[in-house]
Structures are given as C-alpha cells and as structure tokens.
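[1] give me the fold of what follows.
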Amino acid sequence: MKFSVIIPVFNRSEELRELLQSLTNQSHHDFEVVVIEDGSAIDSSEIVEEFKSRLQIQYLIQANTGQGFARNNGMKIAQGDFFVILDSDVILPVDYLQKLSSAITIRKLDAFGGPDAASQDFSALQKAMDFAMTSFWTTGGIRGKMKDPSKYQARGFNMGVSRKVFEQTGGFVDPNQGEDIEWSIRIKKAGFILELVQEAFVYHKRKNTISSFSKQAFSFGRNRVNVSRFHPGAIKLVHWLPTAFSLFSLSILFSYFLNNTLFQISVGIFLLWSIAVILSSSSQNHSIKVGALSWVTSVLQLWSYGVGLPFELLKKASKG
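    Here you go, the predicted model:
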C-alpha cells in the first residue's frame, strides 16, 4: 500500500522540518509526501528542498484557502492509494505508518482517525495542554480511547482516507471550522468504514500559549455548531458537558450567598475533580509541575469550549 502524506502549511516552516525528519525515520517506506503551502508569507521551499534527497516530495504553492481546501488540493495531485492527513505541528513515531498499514489491511478500513500524545521531550506546558485535550477528566478520552472505535470522529491533525473515499465524497466542504468532523460524519453516512486506530498516534507539538490555547478551545466549541449546519444531529449531550462545567463553576459563587450547605458540597465536588486532574496528570507525566499546569489548562479548555458552543448557537439564532 502506497501512502500519500498530505501536509498543509501556513507560516510554520520550522514545524514542518521536524515532521519531515520524523518521516525519514519511518520503518514503512512506501510513501510520498505532499506539502501544500497555503498562502504563507514565510514559505517552506528551502526546507522542502533540504529533504528532497531523502523523501519523495511534491510541493504545491497556492493562495490561501484554509486548511480543509488546501488538503483537498493536495489529495488531487497525490499518487498514493491511501491519503494520510497530518498537521504540520506533529511528529511521528518510527512505526507510525507500519502500524497504520497493518490496521487498514487487517480491519479493512476505508478511513481512519488516530489520537495524539505528548513526547517525553515536550515542555511542561505542552504536556499539560495534551492532558487537557485527551484526559478522561476533561474530554472523557474521546480523542483517542474508545470502547467502540467505529464511533470515532477523525480529527485533521491525524486522519486518513482511501483514494476511493476522497473521489466519492469530494473531500472537505469547509476550510477550517470543524471540517474534519463534518467529513468524518459524511464518510460514515456514505457507507465507508472509518474507525479509530489507537496505536497510530502522533506526538502533537502544540506551540500554543495559555491565551492561544484558550482561544483554540473556544473555537472548537463554535466549530461544533458549524458542523451542525451540515449534520443537524452533530451536537449531542456530551458536547454540552463543558458548558455544564462552566455553569457549575459559576454556581459555586452564587451558592456562597444563597446556601452554605450547598456551597460546601459544590466546593467539595470541584476540589475532588481538581485533585483527580492534578494527581492523574502528575502520575502520567511524572511531574507535579505538569500536574499543576494541567489543572490550569483543563479549566481553560472546559470553560472556553463550554462558552464557545452556546455563543455560536446564540449567534446563529440571532441571524435567523
């Protein structure tokens, strides 16, 4: 099976270097790389040239269209049987493509989604952000650990489709607002098999600050509403849990003035959750510092997503 690795890039040339380096180390060698320069002011031409002797690379330069449409353009010129879509800020374990190839063959997959993880050499903040995005205590682990892998909705940082899936479904229909989840739903509705391949994880080297991480989570909440434009049933009860967390947090303040018993119970619940987050992350990352930062990123992730979802719904309703 020949893979085409599709990588859209927007002003992130140094990130691309690390990803391409990890591709040179793959134990599976039957693949090409398609880099799509999506209107960058700082292009990646020198870095692409640097790796041309070690990788089979196609380099497409275009005006900015957004990552969804940039990926579509990359898949149109790709030569592989199966397209692997990655964000430029990920790094691959050496056996990533090998494990993916085995899973696709054995499970007869038409498409897949894979999880993300934090490498041991990541900064404390990067590990804390990874925890907030993947932990049971924040997202229920739905980004990479599911009892039923067929229920997974792939994310664009680590997903893939067969050539047949792309040709029959047409790829992404939105540039950057939950476009990956929308396509995942559409792929399944078309009768193709899309599942989580848990062992095909990537190291997601997010370059966020605390502020940009919060803004990103806010956008994720808004994006879920955008997906519902295409698929009315896309917003489910689980997507309201961050909003419930935000309202519960606010209720603690009000309960202080209304009922002392209720206040104490509410504070106790919040403290138990906080302790669980800190201990879980500290144990997972072998660092109390990461554990403490994980509490900050977890609160921000839940609050930001929890506000973003109703914000976008109200905005949509106001437009009629």
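[2] what about residue 309, which SS state?
    Here residue 309 is recorded as helix under DSSP: H, G, I helix; E, B strand; the rest coil.
[3] how about the nearest residue to residue 176, chain neighbours excluded?
    residue 66 (4.4 Å; CB to CB, 6 or more residues apart in numbering). Where you see a C-beta, it was placed from the backbone N, CA and C, and this is true even at glycine.
[4] isn't that neighbour up against residue 38?
    Yes: the pair residue 66 and residue 38 qualifies as a contact (CB atoms under 8 Å) at a distance of 7.3 Å.
[5] got a pLDDT number for the residue lying closest to residue 9 once chain neighbours are set aside?
    Among residues not flanking residue 9 along the chain, residue 88 sits closest, at 5.0 Å (CB to CB, 6+ apart). Here, the pLDDT recorded for residue 88 equals 95.
[6] show the contacting residues for residue 88.
    Shown in contact with residue 88 (CB atoms under 8 Å, 6 or more residues apart in numbering): 7, 8, 9, 12, 15, 16, 19.
[7] that one and residue 114: what is the separation?
    As defined by CB to CB, to the nearest Å, residue 88 lies at a distance of 16 Å from residue 114.
[8] the stretch 1-150 of the chain: helices as residue ranges?
    Applying DSSP state H, counting those that start in this stretch to the stretch 1-150 of the chain gives helices spanning 13-24, 45-51, 67-77, 96-107, 124-134.
[9] which helices and strands does the fourth one pack with?
    Under the contact definition 3 or more CB pairs under 8 Å, 6 or more residues apart in numbering; DSSP states H and E, helix 96-107 sits against strand 3-9, strand 82-86, strand 111-113.
[10] still on that earlier bit, which one of the contacts of residue 88 is nearest to residue 167?
    residue 8 (19.6 Å; CB to CB).
[11] contact partners for that closest one?
    By CB under 8 Å, 6+ apart, residue 8 lies in contact with 36, 38, 67, 70, 71, 74, 87, 88.
[12] show the pLDDT at it.
    Residue 8 is assigned 97 on the pLDDT scale.
[13] cool, residue 144 as well?
    Per-residue pLDDT puts residue 144 at 62.
[14] hmm, back to that, could you point out which of the helices of the stretch 1-150 of the chain sits nearest residue 234?
    helix 67-77 (16.2 Å).
[15] got the angle for the closest one vs strand 82-86?
    150 degrees (axes from the mean of the first three to the mean of the last three CA atoms, to 10 degrees).
[16] elements contacting helix 67-77?
    The helices and strands touching helix 67-77, judged by 3+ CB pairs under 8 Å, 6+ apart, are strand 3-9, strand 31-38, strand 57-62, helix 179-189.
[17] so which of the ones you listed is the most packed in?
    Ranked by mean neighbour count, the helices and strands packed on helix 67-77 are led by strand 3-9 with a mean of 26 (mean count of other CB atoms under 10 Å).
[18] quickly run through the sheet partners of it, with directions.
    If you go by DSSP bridges, strand 3-9 pairs up with strand 31-38 (parallel), strand 82-86 (parallel).
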